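[1] Sequence and predicted model, in that order:
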Amino acid sequence: MSEYSLTLSVNQDAEEILLPVLPEKIEFSESGNGKTYEISGLGEINVIKNMKLMEISFEGLLPASWFPGANVPRNKTWFSPSHYLITIQKWRRRKLPVKLVVNLSGMEISLHVSIEKFTWSESGGAVGDIQYQISLKEYRPYSAKKVQVSEPDKQQAGGTGNTAPANTANSAPPRPDTRIPPKTYTLVAGDSLWKVAKRFLGDGSKYKQIQSLNGIKDSELKKLPVGKVIKLP
């Protein structure tokens, strides 16, 4: 497996996809948002403002089967192209911000993005291979600030003073929690229903709920297959 990797995930990595083939090129576009003005006696000036949102784009291949150039070890679970297509389309329908992590040689780029455009096609090559193009834009969490208005004192109520100015909260608003509990989970090596219940339900002893929901027998608990998709309560 290459030292390079590119992953997309949501809900603080609860759902994650590792691209099986690295793009040949990833384009990062950054631009300023400055304004220019004409000043008498000075000429044109440039006022520097905040940067525009970064834009990222790349294209690549989702192969139908493993091959030596894949970025996934042969002994790991191999997903079909439809798995990636369905996952990305699901995230877009749910309007979820996506975490992009690109590992380069000695450097990691990690930021939240929105999926602005995603196109794919099945063309020449091996049967079932999918070619895709994706465009991303940096996502910055935001929320409205709470405004507190002071009540006028008795003297001001009598008309001898001005009302107190509104005070905005000094502290920055907390980052919104974008996590949405997943409906399903794909088992990986070392998983048990206890671990899954602990991770998603907050209590490992609730594994019986997952076992019942998925019709898993007691005799199957110690030999759950890697790659099995289970439903979550």
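    Received it, and whenever you're ready, just let me know what you need.
[2] downstream neighbour of the helix or strand of the chain with the lowest mean pLDDT in the secondary structure list?
    Ranking every helix and strand in the chain by mean pLDDT, DSSP states H and E puts strand 167-168 at the bottom, with a mean of 51. Counting by DSSP states H and E, the next helix or strand C-terminal to strand 167-168 is strand 184-186.
[3] Mind checking which residue lies nearest the centre of the protein?
    The structure's the chain has its C-alpha centroid closest to V98; by C-alpha atoms, centre = their mean the separation is 1.8 Å.
[4] Against E138, how distant is that residue?
    Summarising the geometry, the distance separating V98 from E138, computed by C-beta to C-beta, to the nearest Å, is 11 Å. The C-beta positions use only the backbone N, C-alpha and C, and glycine is treated the same way.
[5] what does the domain assignment say about this protein?
    Here the domain assignment for the chain is 5-33+48-138, 184-231, based on automatic domain parsing.
[6] for the residue nearest to the centre of the chain, what are its contacts?
    Residues in contact with V98, defined by C-beta atoms under 8 Å, 6 or more residues apart in numbering, are 8-10, 91, 112-115, 136, 139.
[7] ditto for L18
    If a contact means C-beta under 8 Å, 6+ apart, then L18 has 5-7, 71-72 as its contacts.
[8] Helix or strand: which one has S9?
    With secondary structure defined by DSSP H and E, S9 is part of strand 5-10.
[9] and that strand, how far out from the chain's middle?
    Counting by C-alpha atoms, centre = their mean, to the nearest Å, strand 5-10 is centred 8 Å from the centre of its parent chain.
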